[in-house]
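**Student:** Pasting the sequence and the predicted coordinates here, then a few questions.
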Amino acid sequence: MHKTVRDMFGLESFEGAKVVAGESGLSNTVVGASLMEVPDVFPYLERDTLLLTTLFPIADDAERMDDFIARVYECGVAGVCIKPLRYIGKIPERMLQQADELGVPVLELPPDANLSNMANQILSLSLNEYIAQLQFRSHVHNVLAELLLNDSDVQALVERLGVLVERDVCVLDKDMKIMCAASAAGQLFEEGALADRVDPRSMLERRRKLLIDHSLYPIVAGKHRFGYVYVLGYPADSNDRISIDIAVEQSAILLAALFLKTDAVFKNQKNFRDVFIRDLLQGKVKSPIEIENKTKAFGMSLVFPQPVICLKAFTEDEIARKEFYDRAINTGLFDEWYAKLGDRLIQRVYLVYFNDAIVVLGGVADEDRLVALFRSIMPDLIALARAKSVKIGVGISDSCDHIQALDMAYAQAMSVLKTGGALNKQSFVDTYSKHRVFSIIENVSNVDTLKQFVRDKIGVLIDYDHKNGTDLMETLGLLIEGDLNYKRVAERSFIHYNTVRYRVSKIEQLGVGLKPGRDFAEVVVAHDCWVWLRALEDME
C-alpha cells in the first residue's frame, strides 16, 4: 500500500511535527523525499515526493518566498516539511494561505529535526514497500506460472486469479464477450451468470479508459491482442488497487503466453487439416479408414448430404485478392453468417484456400437457403474486399452424399465459378444445378468443334459487339435466362423496356432467331459454349 503524508507522522524522525496548512492534502501519496539545497530546486523535484527544507536558499528573496508553494504545487510534490527559526522566524502567512487553497500539506518541524534522518526514513519506507511489491509480484508469477507449466487451461488461471485478488474476475475476448469467469473463492461461474454485471456495451466504453485503471487490463503479445482481464468490484481507493494491479498484470502476461501457445497449436493443426481437406477435394484420399482416422484427429464434423461452395475474388490485384482471402478465412465472419441459417447449422464451418479460391465445407444441403444466404451477405463480402471494382463470385455444387464424393462436388463448384466469371459482369451467386449443360460441354474433347459451332450460330453477334462496342451477347444471355421475357430482362439489366426491344430487333436483323423452337435451342447451346470458352480462356 502506498504511504501518504499522514503516514509520515508514524516515523520516529517526525516526532513533534505538526500540520499548519493544506490539511486536505494529507492523503497525498509519498514515494520519496527531496532536500532543498539550492534556490532553483524545482527542475529536480519529482512527483509525489516530500520536500524537506529550512528555506535557507530563498529566505532573503521575497519574490521567491511568495510563489514557493505555487511552484512546488506545479511540480506535483506530496507536501512540504519546513524547519523554521534557524533561517526564518516563522512560516510566512502567504505560504500558509496558498497551501490551504491548493491542498499542499505544510508540516512545521521542531527545531531539533534532522532533515537527513527524515529523508532516509522516508526512502527506507518507500524501499520496503517496493520490496514488498516485488515479493508479491514474484509470488503471483510463481503461482500462475506453475499452473501454466503444468499445462493448465484458462479456467484454472482465472480460478487462481480470483483467489489472489479476492474478487470476482473474468477473461473477455476481443469482442468483450465473457470467455470464462471465477469468483473470489476460486469457483467458476456458469455461462451467463455474470451477464447483468458484465455488459458488452459498458465494457466497450470502459475499454476506451484503459489507461485510467487496471479494472480492464489487455492481454497482449506483440501486436496481437487476445482479450482482456476484468476485475469486478475494482476498488476506488488507489492504495487498495496496488496488489490487484500487480496480480492482474502478471496474469495478463501468462494468459498471453497461454493464448500464444494455444494459437500456435491450433494453427499447426489447421495447417495439417487444410492439407487433408485439399487432398479430399482432389480425390487423393479414398480409404474409409484413413478418412475416419483423420477426421477424428482433426475434430472434424461433416454431415452429408452437403454441397461444396467455392468463393473467388475476380481482380488482377494479387495483393488485394490475398488480403481478401485472409480476412474471409481468419475473421470468423463465416461462422456468424452461417448462424443466420438457424437450427440446421452444422456445428463447424471449414474454410480452406485452394486454387485461388476459398472452399467452404459444412452448413446445410438446402440449395435455395444457401443461395439466399450468400446473396444476403454479398455486400459484406464486397466490403471485406476493401478494393474498388472487385467482383465476388460464389459457386455452389450439387449436394454430395458421402465424403469420398467431395472431389466431384468441388469440380462442380469450380466449374460454376469459371462460367459465372465469364457470364456475369457483377458479383454473383450461382449453382451447378442451373448450368448442367456445362458438364456436357466440358467433356467435348475437340475444342475447335465448339468454337466452330459458336461461330456458325452466333458469330455475327460476337463480331458486331466487338466492332461497335455493344452488348448484344449480354442481352442474349439475359433473354435466355429470362425465358425471352422483355420486361424481366429490362429489370435485371436496369435498362428501358424499349431498349430491350431495340436490341432484340437488332439481334434478329443479324440473323439470330429468338422464336421458341429447335433453332433457338441451338442458339442457347451456342451461347453456353461461348460462355464456357471464355471461362477457359480466362483460366489459361
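**Tutor:** Happy to help now that I have it.

**Student:** Point to the residue nearest the middle of this structure.
**Tutor:** residue 174 (5.7 Å; C-alpha atoms, centre = their mean).

**Student:** Would you mind measuring from the nearest residue to it once chain neighbours are set aside to residue 258?
**Tutor:** Leaving aside its sequence neighbours, residue 174 sits nearest to residue 227 (C-beta to C-beta, 6 or more residues apart in numbering; 5.7 Å). C-beta: built from backbone N, CA, C; applies to glycine. According to C-beta to C-beta, to the nearest Å, residue 227 stands 11 Å off from residue 258.

**Student:** And residue 351, by the same measure?
**Tutor:** Separation of residue 351 from residue 258 (C-beta to C-beta) stands at 25 Å.

**Student:** try residue 9
**Tutor:** 46 Å.

**Student:** Repeat that for residue 194.
**Tutor:** 21 Å.

**Student:** helices and strands of this protein: which one bottoms out on pLDDT?
**Tutor:** The weakest-scoring helix or strand in the chain, judged by mean pLDDT, DSSP states H and E, is helix 200-207 (a mean of 71).

**Student:** After it, which helix or strand is next?
**Tutor:** For helix 200-207, the succeeding helix or strand toward the C-terminus, using DSSP states H and E, is strand 216-221.

**Student:** buried sites along stretch 16-28?
**Tutor:** 17, 19, 20, 21, 22, 25, 26, 28 (16 or more other C-beta atoms under 10 Å).

**Student:** Can you report phi and psi for the second one?
**Tutor:** Right, the one you point to is residue 19. phi -80, psi 130 (degrees, to the nearest 10).

**Student:** And the fourth one, by the same measure?
**Tutor:** Main-chain torsions, residue 21, degrees, to the nearest 10: phi -170, psi 160.

**Student:** Now do it, the pLDDT please.
**Tutor:** On pLDDT, residue 21 comes in at 94.

**Student:** do the same with residue 210
**Tutor:** For residue 210, the model assigns a pLDDT of 56.

**Student:** how many other residues sit next to residue 358?
**Tutor:** Neighbours of residue 358 under the rule other C-beta atoms under 10 Å: 19.

**Student:** Can you tell me how far it is from residue 324?
**Tutor:** For residue 358, the distance to residue 324 equals 9 Å [C-beta to C-beta].

**Student:** can you check residue 429 too?
**Tutor:** From residue 429 across to residue 324, the span is 17 Å (C-beta to C-beta).

**Student:** wait, residue 460 sits on residue 509?
**Tutor:** No - using C-beta atoms under 8 Å, residue 460 makes no contact with residue 509, being 9.8 Å away.

**Student:** Neighbour count for those two, which is higher?
**Tutor:** The residue with more neighbours, out of residue 460 and residue 509, is residue 460; 16 against 10, by other C-beta under 10 Å.

**Student:** Surely the more buried one forms part of a helix?
**Tutor:** Yes - using DSSP: H, G, I helix; E, B strand; the rest coil, the assignment for residue 460 is a helix.

**Student:** Now for the residue nearest to it when sequence neighbours are not counted: which residues touch it?
**Tutor:** Counting by C-beta to C-beta, 6+ apart, residue 510 is the residue found nearest to residue 460 once chain neighbours are left out, at 4.6 Å. Listed by C-beta atoms under 8 Å, 6 or more residues apart in numbering, the contact set of residue 510 reads 460, 461, 464, 472.

**Student:** got a winner among those residues for most neighbours?
**Tutor:** residue 461 (23 neighbours).

**Student:** hang on, the earlier thing: show me what the least confident helix or strand of the chain packs onto, helices and strands only.
**Tutor:** Contacts defined by 3 or more C-beta pairs under 8 Å, 6 or more residues apart in numbering; DSSP states H and E place helix 200-207 against strand 216-221, strand 224-231.

**Student:** Run through who's touching it.
**Tutor:** Residues from elsewhere that reach helix 200-207 (C-beta under 8 Å, 6+ apart): 172, 175, 176, 177, 215, 216, 228, 230.

**Student:** Just flag the most distant two among the residues you listed.
**Tutor:** 175 and 215 (18.4 Å; C-beta to C-beta).

**Student:** ok, the two, which is more surrounded?
**Tutor:** Taking neighbours as other C-beta under 10 Å, residue 175 and residue 215 compare with residue 215 leading, 21 against 10.

**Student:** Can you pull the phi and psi angles for the residue lying closest to that one once chain neighbours are set aside?
**Tutor:** Take residue 215 and drop its neighbours on the chain: the residue closest to it by C-beta to C-beta, 6+ apart is residue 234, 3.6 Å away. With angles defined as degrees, to the nearest 10, residue 234 sits at phi -60, psi 130.

**Student:** Around residue 234, how many other residues sit close by?
**Tutor:** Residues near residue 234, counting by other C-beta under 10 Å, number 18.

**Student:** contacting residues for residue 82?
**Tutor:** Residue 82 sits in contact with 53, 54, 55, 91, 106, 107, 108, 109, where contact means C-beta under 8 Å, 6+ apart.

**Student:** Now do the longest helix seen in the chain: which elements does it pack against?
**Tutor:** Using DSSP state H to define each element, the chain has its longest helix at helix 238-281. If you count contacts as 3+ C-beta pairs under 8 Å, 6+ apart, helix 238-281 packs onto helix 115-149, helix 154-165, strand 216-221, strand 224-231, strand 350-353, strand 358-361, helix 406-423.

**Student:** Now do the helix or strand just after it: distance to the chain's middle.
**Tutor:** With elements assigned by DSSP H and E, the helix or strand that comes after helix 238-281 is helix 288-297. Helix 288-297 has its average C-alpha position 33 Å from the chain's average C-alpha position, going by C-alpha atoms, centre = their mean, to the nearest Å.

**Student:** and what of stretch 461-471?
**Tutor:** Offset of stretch 461-471 from its chain centre (C-alpha atoms, centre = their mean): 48 Å.
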